[in-house]
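Asker: Here is my input, please return the structure:
(3 chains)
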Amino acid sequence: MTVNRRQFVLASGKYLVMSAAASRAVGYVLAGSPERAPGYSAHDHWWAMAIDIDLCIGCGGCVRACKEENDVPLEPFFFRTWVERYHVPEGDIEHPMVDSPNGGYDGFPERYREGDGSKNFFVPKLCNHCAHSPCVQVCPVGATFESPDGVVLVDKDYCLGCRYCVQACPYGCRFIDPRTHSVDKCSLCYHRITKGLTTACCEVCPTGARTLGDLKDPSDPIHEFLRTNMVQVLKPQMATGAKVYYADLDGSVR
Amino acid sequence: MDTLLAMVEGFMYPNEVELQWSVLIVLYPYITGLVAGAFILASLERVFNVEAVKPTYRLALLTALAFLVVAPLPLQLHLGHPERSFQMYLTPKTDSAMAMFGFVYLWYLMAVLVLEIWLDYRRDIVLKARSSTGFVRGFYQVLALGSDNISPRSLEIDERLGRFITIVGIPSAFLLHGYVGFLFGSVKANPWWSTPLMPVVFLFSAIVSGIALVMLVYMVVSRLRGKPIDMRCLDTIARYLLYAFIIDFSLEMLDLIHRMYEADESFKSLDFMVKSRLFVSQILIQIIFGTLLPLGLLALTQVVRLTEMARKNIYAIAGVLTLIGIFAMRWNVVIGGQLFSKSFLGYTVYKMDFATREGMLPAIILMVAPFFILWGLIRILPPWGDDAPPSTVDTE
Amino acid sequence: MRELFKDKEHLVRMAGLFGVGLLVFVVLRGVLIPADFGDLGHYRASALDDNSSVELRFAGRAACELCHDDVAAERAKSAHRSIACEACHGALAVHADNPEAVFPERPEATPLCVACHEANVTKPAWFPTVIPDEHSEGEACDECHMPHAPGFEEVGSDG
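Answerer: Got it, this is the predicted structure:
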């Protein structure tokens, strides 16, 4: 189907009757150039993510979308988000077999067999945007910080590249970008969420296994997600105030 | 890099496969440990009036300074953005263990070591300035800050102030290296590092390595100068080395036993690592050859009456083994702490490059550099009184 | 008094040197600390803007449906209704910015279908999967299933 100028102008007309938030988001998209989000008030939001383990099919769409949206190096050592495959022999939650070939970027070629008494599932991982981030705590200069809307961000132009934060993250979410020599990590697509869009990984997730949520917005579906599911965060013993909430997280996941 | 993936055993989080802290970060605690240890040995003489170790007092101070000057270089070289390191002084975050490094370092370098050495050497500096001409004279005059006053009263004031600085210096040396231990010990994400014993273990291993270093330097320098070794001094230093080593080893064993007995979620993973990928550097080099053997040798000199020659040989061997052992300890902490996955499900490897920025070559250069600096410092400020210029002290 | 000072003069000079060093440090700090540092917390406030001004690659479903409302309507009742356009068509912010100049290629269906629907033990039981070779014997998926509305009852409705 081809969109000609007439149709496009008609579409622009529709743009006027969209909801305010949606039209603002689309406005940024149509603007075409990288822009700040001047109308965005960080103090009115508190971002989190909800992940439903039972919905993840391990397609790797989120990994690919993340690398594209955020220009993450394609080598298999650099991931802002990745997907792990868990294989838990019956009852043995202490010794799961885990793999994440190329972070799940190319999907997961079959390696287990049906009916061996095991439990199998995928676990998408990303920065947990901890409210008490160990990585933020150790940064010597304030090059990584918790934003007023609850996102752990990096100031690439201020980072020393000392890598202390990489050591301090219990979840392995940080890496040094070999091109900038600064640290890099999931920004929760800060350039998107501040413009009313969802993150790239949530945008492309075909089953809705991962959903961005705003805990300060009482109408956000994440409240129902947290209320109606058995929810856990990764490594709760680390007391990091993680804000990526998993439904149906198995005890073997670490 | 793909070969690296092939060497991963079990599961690592993808971002964990490549090690973050290289051999340079091994050097950092090693070198600062040598500094702290050498200084504490020097302080013994001054604060506790141990006359026997006096021949090494100035040598230990200069050794500490030579190594302290080099201490920040491995960190600087390792940074992704070395040109931004000054930001540590601009916007240090008070709850970051690392942010305080710059301040602790500056305090120790300027307020303790440089000041103490200056006060102790002032008389020599002024005398040198008086007895030399031209450029050399100017150089020493600058070092003396243009002052020519070495009256007994002024020297007495220097002595009192120097003693005070030494007293402040001991906790500062403890701070410098205990701090380095805290840097690792406070990383809760890493069970290999995260223990409150870490600063204490680092401190005592620092004292051990510093004493061993000064002992060896003293022996080598004496031989180079063709002067006899003061055996009372050497025996005393060796005895201190033994005592410090016993405390250090006990602490490390306490840590080990505690880990084995508690056997928390990380234990199986760490235990496997020590028995496989760290076996050579931890069990063989650090514990057997770097700790038990020198401990045994040093203990031998305490219980058996040996000839002077035998004692010297034993001290030399024990000293070298100790330095290797403590280096292995730093290696096992820094590198070992990154070989296992924080998922406790797998292990990676450390591939040391050679002639890259963080490779073996710069590490060797950084390790050799302090000895050249020490040589230079000894030329400028000879630590021994016996070849000082003929005394021309004005008695006013 | 003067006699007393004489023997401490060198210390005063050293103290002066430290004082000068300290002064230089304080002045340099004042000059070099970024102006917006600390406005919101222990970081450069403008780092928030740096993070929010990154270029968009995925336009988002709302932007697609602005023009392609016919496809949106067609998909509204299909099993694939919750899948965003760019999950299959790829990141197309450049196209949304400039619909006439940048025109995307229609992606090949089969690899996309297989990426999700190929049988795999680890996939949750509720998710429909097939063994592609057995299921279609090499036939392209979109011979029978239309990606925008894959159910059989809808075949042919995808104009």
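Asker: Tell me how far B:W193 lies from chain C.
Answerer: 24 Å (CB to the nearest CB, to the nearest Å). Just so you know, the C-beta spots here come from the backbone N, C-alpha and C atoms, and that holds for glycine as well.
Asker: Leaving out sequence neighbours, find the closest residue to that residue.
Answerer: Excluding the flanking residues, the one nearest B:W193 by CB to CB, 6 or more residues apart in numbering or on different chains is B:F184, at 4.2 Å.
Asker: Now residue 79: phi and psi?
Answerer: Went with chain A since none was named. Per-residue torsions, A:F79: phi -140, psi 130 (degrees, to the nearest 10).
Asker: oops, chain C please
Answerer: Main-chain dihedrals, C:A79, degrees, to the nearest 10: phi -60, psi -20.
Asker: tally of neighbours for the residue nearest to B:W193?
Answerer: 25 (other CB atoms under 10 Å in any protein chain shown).
Asker: Which residue comes closest to the closest residue to chain A within the stretch 51-200 of chain B once chain neighbours are left out?
Answerer: Residue of the stretch 51-200 of chain B nearest chain A, by CB to the nearest CB: B:G80 (1.9 Å). Excluding the flanking residues, the one nearest B:G80 by CB to CB, 6+ apart is A:G161, at 1.9 Å.
Asker: is it fair to say that neighbour lies in a helix?
Answerer: No - under the criterion used here (DSSP: H, G, I helix; E, B strand; the rest coil), A:G161 is coil, not part of a helix.
Asker: right, and it touches B:H81 too?
Answerer: Yes - A:G161 lies in contact with B:H81 (CB atoms under 8 Å); the separation is 4.8 Å.
Asker: Can you work out which residues contact both of these two?
Answerer: Residues within reach of A:G161 and of B:H81 at once, by CB atoms under 8 Å, 6 or more residues apart in numbering or on different chains, are A:H181, A:S182.
Asker: phi, psi of B:R239?
Answerer: According to degrees, to the nearest 10, B:R239 has phi -70, psi -40.
Asker: measure the closest residue to chain B within chain A to chain C for me?
Answerer: Residue nearest to chain B within chain A (CB to the nearest CB): A:G161, separated by 1.9 Å. Distance, A:G161 to chain C, by CB to the nearest CB: 16 Å.
Asker: Now do the contacts for the residue nearest to B:W193.
Answerer: By CB under 8 Å, 6+ apart, the neighbours of B:F184 are B:P29, B:N190, B:W193, B:M198, B:F202, B:V333, B:V334, B:G337.
Asker: Can you pull the poorly scored residue ranges out of chain C?
Answerer: C:1-4, C:152-159 (pLDDT under 70).
Asker: cutoff 80 now
Answerer: C:1-5, C:152-159 (pLDDT under 80).
Asker: And for the stretch 51-200 of chain A?
Answerer: A:91.
Asker: 90 instead?
Answerer: A:90-91, A:114-115 (pLDDT under 90).
Asker: quick one on the thing from earlier: can you count the residues close to the residue nearest to B:G80?
Answerer: 20.
Asker: Equivalent analysis for the one 3 residues further on, please.
Answerer: The number of residues packed around A:Y164, counting by other CB under 10 Å, is 22.
Asker: Likewise for the one 4 residues further on?
Answerer: Around A:A168 sit 25 other residues, with neighbours defined as other CB under 10 Å.
Asker: which residues does it contact?
Answerer: Contacts of A:A168 (CB under 8 Å, 6+ apart): A:P134, A:C135, A:Q137, A:V138, B:V187, B:K188, B:A189.
Asker: of all these, which comes closest to chain C?
Answerer: Using CB to the nearest CB, A:Q137 is the member of the contacts of A:A168 that lies nearest chain C, at 10.7 Å.
Asker: host element of the closest one?
Answerer: For A:Q137, the host element (DSSP states H and E) is helix A:134-138.
Asker: re the thing from before, so the residue of the stretch 51-200 of chain B closest to chain A, which of the three states?
Answerer: Classified using three-state DSSP, B:G80 is coil.
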